[in-house]
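Participant: Sequence unavailable; structure follows:
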DNA sequence: ATGACAGGCGGGGCCTGA
């Protein structure tokens, strides 16, 4: 017997460019917790006041120009920045928070997994980051609490997660080693919230800006919410707010959200 | 094969993204 908690993830591709969209969508979707990626600004440049005025607590792990993650919460939260396992890594890609509600807590992470295209060094960084994520996720599972790892994984898990999988066979988002590493994470005991609630085709979260990808529905599914067993037991629904991709000057990603009962 | 878009930085185009 607990309240429903609505948790979402959205790669906004610059929070300052997308502030009006974000505020509109917060009113429309009424999420309790929102994981943002690619905010592309330092902590001090984050539009904190506007978002607090909408009723959210704000935790930011920012960086100049690139990357950057944040968590917004209508409920009280305690946040901690950074993925353990490499003290030399300066890229802001991981933020974790414990959110408190009437019935207990839910632990939520905002994840911006490296893209991995652009050369062997970048792909090696992606794979190493995935290794670190799996190790950290394994330790979090031992807590045996509701846990949601939400974000832009830059992983197309299966052929059905792309409109045209043949276009992606040489891409870091879909290479066999990428998908193997992602499966190893899942096999620790996580549930993919969207796949747990639908077997429909054409379920996408990203459409490239170029070549009329949105118009032609040339999408991919790369934004995921992975649930611990304790969270999966409470999964009531999952949905993708695809219509946001049709707004003026949109992000190339759309929000994905779940309700936990 | 390249670029098509978009954003940041910074005042040029270049880097990055997926």
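Facilitator: On my side now, so go ahead. Here the structure is a predicted model, which is why all the values come from computation and not from measurement. Residues are numbered from 1 along each chain as shown, chains lettered A, B, ... in the order given.
Participant: Can you name the residues that contact residue A:59?
Facilitator: A:70, A:71, A:72, A:73, A:77, A:79, A:95, A:97 (CB atoms under 8 Å, 6 or more residues apart in numbering). All C-beta spots, glycine's among them, are computed from the backbone N, C-alpha and C.
Participant: again, only this time at 10 Å
Facilitator: Residues in contact with residue A:59 (CB atoms under 10 Å, 6 or more residues apart in numbering) are A:43, A:46, A:69-73, A:77-81, A:95-97, A:110.
Participant: That one bridge partners, please.
Facilitator: Taking DSSP bridges as the rule, residue A:59 bridges to residue A:71.
Participant: What distance do you get for the closest residue to DNA strand B within the stretch 101-250 of chain A to residue A:7?
Facilitator: For the stretch 101-250 of chain A and DNA strand B, the shortest gap (CB to the nearest atom of the strand) falls at residue A:115, measuring 3.3 Å. Residue A:115 sits 24 Å away from residue A:7, going by CB to CB, to the nearest Å.
Participant: about what we covered before: am I right that the residue of the stretch 101-250 of chain A closest to DNA strand B is in contact with residue A:174?
Facilitator: No - between residue A:115 and residue A:174 there is no contact, the gap being 11.9 Å when judged by CB atoms under 10 Å.
Participant: Look at residue A:115 and residue A:7 and report which has more neighbours.
Facilitator: Between residue A:115 and residue A:7, counting by other CB atoms under 10 Å, residue A:7 is the more crowded of the two (27 against 16).
Participant: got the end-to-end distance for stretch A:84-96?
Facilitator: Taking CA to CA, to the nearest Å, stretch A:84-96 runs 11 Å from one end to the other.
Participant: typo on my end, stretch A:85-94
Facilitator: Stretch A:85-94: ends 12 Å apart by CA to CA.
Participant: now the strands for the stretch 1-150 of chain A?
Facilitator: Residue ranges of the strands in the stretch 1-150 of chain A, as given by DSSP state E, counting those that start in this stretch, are A:5-11, A:33-37, A:57-61, A:69-73, A:77-81, A:94-101, A:104-112, A:147-152.
Participant: Is any residue of the last one near DNA strand B?
Facilitator: Yes - contact check for strand A:147-152 against DNA strand B, using CB under 7 Å from any atom of the strand: residues in range are residue A:152.
Participant: quick one: contacts for the residue nearest in space to the middle of chain A?
Facilitator: The centroid of chain A falls nearest to residue A:151 when counting by CA atoms, centre = their mean (1.1 Å). By CB under 10 Å, 6+ apart, the contact list for residue A:151 reads A:9-11, A:35-37, A:69, A:93-95, A:109-113, A:133, A:222-226, A:256.
Participant: re the thing from before, what subset of the contacts of residue A:59 is buried?
Facilitator: A:43, A:46, A:69-73, A:77, A:79, A:81, A:95-97, A:110 (16 or more other CB atoms under 10 Å).
Participant: can you tell me which two in these are farthest apart?
Facilitator: Using CB to CB, the pair of the buried ones among the contacts of residue A:59 lying farthest apart is A:46 and A:96, separated by 17.5 Å.
Participant: is the residue nearest to the centre of chain A in a bridge, and if so with what?
Facilitator: Per DSSP bridges, the residues bridged to residue A:151 are residue A:111, residue A:224.
Participant: hmm, back to that, shared neighbours, residue A:115 and residue A:174?
Facilitator: Each of A:154, A:222 lies in contact with both residue A:115 and residue A:174 under the rule CB under 10 Å, 6+ apart.
Participant: low pLDDT regions in the stretch 51-200 of chain A?
Facilitator: The stretch 51-200 of chain A contains no residues with pLDDT under 70.
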